[in-house]
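Novice: model this:
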Amino acid sequence: MFFKGMKRRFLALTAVISLLLGFLTTFIGPVLVEAGTVDYNGLVAKAIQFNQQAFSNGEKLSAYDAYVLTLAGEDLSAQDWVYNGESLQQSILDAVYATIGNPATAKTKDIAYELLAVKAWGDSDLAGKLAAILADKQGPNGFDNNVYSDMPVFDALGRAGEFSVVNVTYAREYLLNTQCTTAGDNYGAWGSTWGTDFYPDFMTTCQAIRALTYLPDAARDHQIQAAINNGLAYLRQWQQEDGSVYTTKPWLDDPAVDTAELIATLQRLDIDPASWKSARGMTPVDYMVQLAPNSDGSFGTTKNALDATEALYAYLILEGRTGSAAAPGLAITPATATVNINGQQQYKAVMNYLNGTSSDVTRDAAWSVEDGNIAEVVNGLATGRQTGQTVVRATYNGLAATAGLTVTASASSSGGGSGGCTVDIAVVGRNGELLYGPGAVTVSKDGRWGLTALGALEATGLPYEEAGGFVKSIAGLANSGMNGWMYKVNGNVPMVGASQEIVRDGDQVIWWYSTDLNSPGPTWDSLLKGSTPASPANTTPADLKEQNKKLPAALQAPEVALEALGKINRLLELKDDAAEIAPLGEVKRAVVVTGSDKAMNRDGIIALKKELLQNKIDLAQEVSASAGAIISDPKAEIALSIPAGALTKDVEITVKKGTGGNTAPTSLPAGYRQISAVYNFGPDGTTFAVPVTLNLKFALPPLVQPENLAFAWYDKTKASWVALPAVVDLSKGLILARIYHFSDYAVFVKEARKAFLDVTPASFGWAQDTIETLAGAGIVAGVDGSRFEPGRAVTRAEFASLLVKALGLKVKAGEKNPFKDVKGDAWYAVAVTAAAGNGLVKGYEDGTFRPDNVITREELAAMLVRAVNLPAGEEKLAFKDSDKVSTWARKSVAIAAASGLIKGFEDGTFRPGDAASRAECAVMVYRVLVAE
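Specialist: The predicted structure is shown next:
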């Protein structure tokens, strides 16, 4: 009793001290934490106390909470951990026995965390049974085909030393294939895809990186190491000024949880978290020590048990009271390293035993390298000899372990010779930050790109993506619209791709992310001095600006669209003097899209379409060659801006809009269809000394991806349509182009379709056309590259996300998530908030949304009716099982059936309570999109 009282008083005193420290930090601000000065015991005690109080108040703690508390030295069978007559340990064991008795009813992630708990309690028998259950659940697509539960399972099996039950072939492919490899802000992350949108998740990325390290020969597997490095690069971009590392978009994560997960990941990789410094010099350690603890005894921003558990685990790591939970056997740390030529890296060989202990066997192990030309190793100390990648190996008592080693050229290395050349290189990011150099690299003539500017980029070791020798992204920073990567050699911008530009000894190569094609970019001198010139503000040619001001407001293009039009040929990678692209059937890309973030919503597009259908155009206007003119119709559907001097003589200009179906005068290439009227400009054959600017209103049809549009003129001599460079602005529904002669003009689209192996005429044939059309339009996606799983049930969160994506809905200003069971960091949180704010979903009376519940057919009908905003009608139901339709849903089902949004089955039933399948959801969303 005396010791329990002392413990409580100690915890209380710790809480008071922490509160005072938090109060002072508010006014003083975070400062760098000095090694050896942190009271980790106090922080550990505070986290334990928070969870103990939560448990005493009746809050259910998870098996993972129990696992971490056990690592902290807590006896969860003791009286301090008893609630309603049962200890926390016993409640977890009850769950374990229930899992073993009926594995099908247990969630996979819960099983994994139960495995961690019983392993921490030393019960190898129960641990073995749980591991076997998980092994039975694994398939090519993980355990649940869900990264949010699969990654924690792989990670937990590794921590528990049970990774041997994993099918490593399946695991490797699944882990690598679920990483985002699309250039952009999400490059390197793990998360989920719904429709065409990828939703990255910080915690899942951390878990996936750790999981990769448990795969056999991970250190020598270059693909795995690249995935780990790309994952770390994604995480690193989220470091905040206070040292914390957490995502702020597409939703705001809890900094304590994300930062703790990062610390666990860095520890697994043998990377000191204090080495990750923000612009202010703050580290994740600084944040966890100074800012994660709150004055009320909680942690982070959510202030719940998960925060406390994550913080506790981080403190145990930082204090050194828990290792990386390495599997029994021999291991080498670090798992991977990079050195310069003649640089050195000390590897350590550690023997991990089943009882959780370990010993350093570095000097007792036999060391070797796979390629002695690249490096040599003595007692674990590796020395780089020439550029390349190799594997370091240690053997001890019949066991072997490997680690990766990359050797890069240093500024002092001689390089050159017949096998390559040494060039100076720098890579500069969007905001002028140096991603590499300035420094020297050795470019190998036998490398992938040979002695070229792209070969020099390859030699830096930075991750990049290219297509046909043209760079699309570097270090996860991708080309976007008018912005992108450029390069120059010795101060000059070459006129060929980087894969064709030869480099020689002593050349200076600069890669920089350009936000202005008129900017010459940074100079070598400015880089050596540590400064890069700021990109000047984007400019628009004066003639375009002046012309634009004179147009009717509805036809005035936004600044970004004008800017794109001024640089259209460069953006489409055309010659500067190219007036057209190619016949439609030969075109790969004909437009630059702007205004996507402010795109017109569905109602706006429908209204515009009706307006355009009703509008007739038949204009004739005399234009003076010396003055030019603006020609526009009264309804502001079209405008021609003819500058002074464009005509050689005064001419009466005519503009006519085709009627009677507006059909193009010739057949179109396969896959193309016309989506606008045909506009005739006369006199036919009129040419211009300088181009005329055309602004045209258009309504983007449903299921059309704007990047597949083409604006074309009709070549009567060849009976074909020829695409012109054009800008598509989605915010105002405009197409902008500069034309050099008069003819017939129209807008076309190349329709894409995507087929799936499990959607065929014999299997879900009734939905095949719709699914392939929606997939081609990017509204839905398969579960992998070839399957759609049309019969799989859809959750409420998934359907809400699909509908929001299909309708292009956004979260309204000031709108907050109304549901208490939709967490802010859930992948579907933004979509559900948008759905609620736009009246698509209402939730339950208890304030929940129940996102993981499968959506029923009657719930589906209600959402569809709200989405289309159909008028109320008679509550008349003709289905044989109409009596089974819930009272609240009867009106919606009746309206949806009357409007054709839903249909019954062949036996005349509706089956309102049945789960809706992916195929059914796809068909019904299609009906919504084409309904007007």
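Novice: tell me, what residue is most central in the chain?
Specialist: Asn186 (3.5 Å; CA atoms, centre = their mean).
Novice: which pLDDT does the model give that one?
Specialist: The predicted structure scores Asn186 at 89 on the pLDDT scale.
Novice: over to Ala590?
Specialist: 91.
Novice: just confirm Arg738 is within a helix.
Specialist: No. Assessed by DSSP: H, G, I helix; E, B strand; the rest coil, Arg738 does not belong to a helix; its assignment is strand.
Novice: element containing the residue lying closest to it once chain neighbours are set aside?
Specialist: Nearest residue to Arg738 in three dimensions, chain neighbours excluded: Pro691, at 3.8 Å (CB to CB, 6 or more residues apart in numbering). All C-beta atoms are positioned from the backbone trio N, CA, C, and that covers glycine. Using DSSP states H and E, the secondary-structure element containing Pro691 is strand 687-697.
Novice: quick one: strands adjacent to that strand?
Specialist: strand 638-642 (antiparallel), strand 734-741 (antiparallel) (DSSP bridges).
Novice: what comes up buried for the last one?
Specialist: Within strand 734-741, the residues that qualify as buried are 734-740, counting by 16 or more other CB atoms under 10 Å.
Novice: and the shortest one, by the same measure?
Specialist: The neighbour-count check on strand 638-642 (16+ other CB under 10 Å) flags 638-642 as buried.
Novice: quick one: average confidence on the helix or strand following that strand?
Specialist: The element immediately downstream of strand 638-642 (helix or strand, assigned by DSSP H and E) is strand 651-657. Throughout strand 651-657, pLDDT has a mean value of 94.
Novice: do stretch 878-887 as well
Specialist: When the per-residue pLDDT values of stretch 878-887 are averaged, the result is 88.
Novice: that one: end-to-end distance?
Specialist: Criterion CA to CA, to the nearest Å; first-to-last residue distance in stretch 878-887 is 15 Å.
Novice: sorry, back to before: could I get the buried residues of strand 734-741 as CSV with pLDDT and distance to Gln345?
Specialist: Listed next are the buried residues of strand 734-741 as CSV, based on pLDDT from 0 to 100; distance: CB to CB, whole Å:
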residue, pLDDT, distance to Gln345
Leu734, 96, 57
Ile735, 96, 57
Leu736, 95, 56
Ala737, 95, 57
Arg738, 92, 58
Ile739, 92, 62
Tyr740, 90, 62
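Novice: now render these as CSV, adding distance to Asn342.
Specialist: Below are the buried residues of strand 734-741 laid out as CSV (distance: CB to CB, whole Å):
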residue, distance to Asn342
Leu734, 60
Ile735, 59
Leu736, 57
Ala737, 58
Arg738, 57
Ile739, 62
Tyr740, 61
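Novice: which one of those sits closest to Leu572?
Specialist: In terms of CB to CB, no member of these lies closer to Leu572 than Ala737, at 11.8 Å.
Novice: contacting residues for that closest one?
Specialist: Contacts for Ala737 were tallied using CB atoms under 8 Å, 6 or more residues apart in numbering; they are 565, 693-694, 696, 711, 724-727.
Novice: can you point out the buried residues in the helix or strand containing Tyr97?
Specialist: Secondary-structure element containing Tyr97, defined by DSSP H and E: helix 88-101. Going by neighbour count (16+ other CB under 10 Å), the buried part of helix 88-101 is 88-89, 91-93, 95-96, 99-100.
Novice: and stretch 610-629, by the same measure?
Specialist: If you call a residue buried by 16+ other CB under 10 Å, then stretch 610-629 has these buried ones: 612, 615, 617, 619, 623, 628-629.
Novice: okay, those in a markdown table with secondary structure next?
Specialist: Rendered in a markdown table, the data for the buried residues of stretch 610-629 read as follows (three-state DSSP):
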| residue | secondary structure |
| --- | --- |
| Leu612 | helix |
| Asn615 | coil |
| Ile617 | coil |
| Leu619 | strand |
| Val623 | strand |
| Gly628 | coil |
| Ala629 | strand |
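Novice: what's the most distant pair in those residues?
Specialist: Taking CB to CB, no two of the buried residues of stretch 610-629 sit farther apart than Leu612 and Gly628, at 26.8 Å.
Novice: what sits against the closest residue in space to Ser499 that isn't next to it in sequence?
Specialist: Leaving out its chain neighbours, the residue that sits closest to Ser499 by CB to CB, 6+ apart is Gly469, at 2.9 Å. If you count contacts by CB under 8 Å, 6+ apart, Gly469 has them with 449, 454, 497-500.
Novice: check Gly455 too.
Specialist: Gly455 is in contact with 443-444, 447-449, 503, counting by CB under 8 Å, 6+ apart.
Novice: give me the buried subset of those.
Specialist: Buried residues within those, defined by neighbour count using 16+ other CB under 10 Å: 443-444, 447, 449, 503.
Novice: closest one to Lys277 among the strands paired with strand 687-697?
Specialist: Distance to Lys277, taken as CB to CB, is lowest for strand 734-741 among the strands paired with strand 687-697, at 45.9 Å.
Novice: what is the most widely separated pair among the contacts of Ala737?
Specialist: Largest pairwise distance in the contacts of Ala737, by CB to CB, is 14.2 Å, between Leu696 and Pro725.
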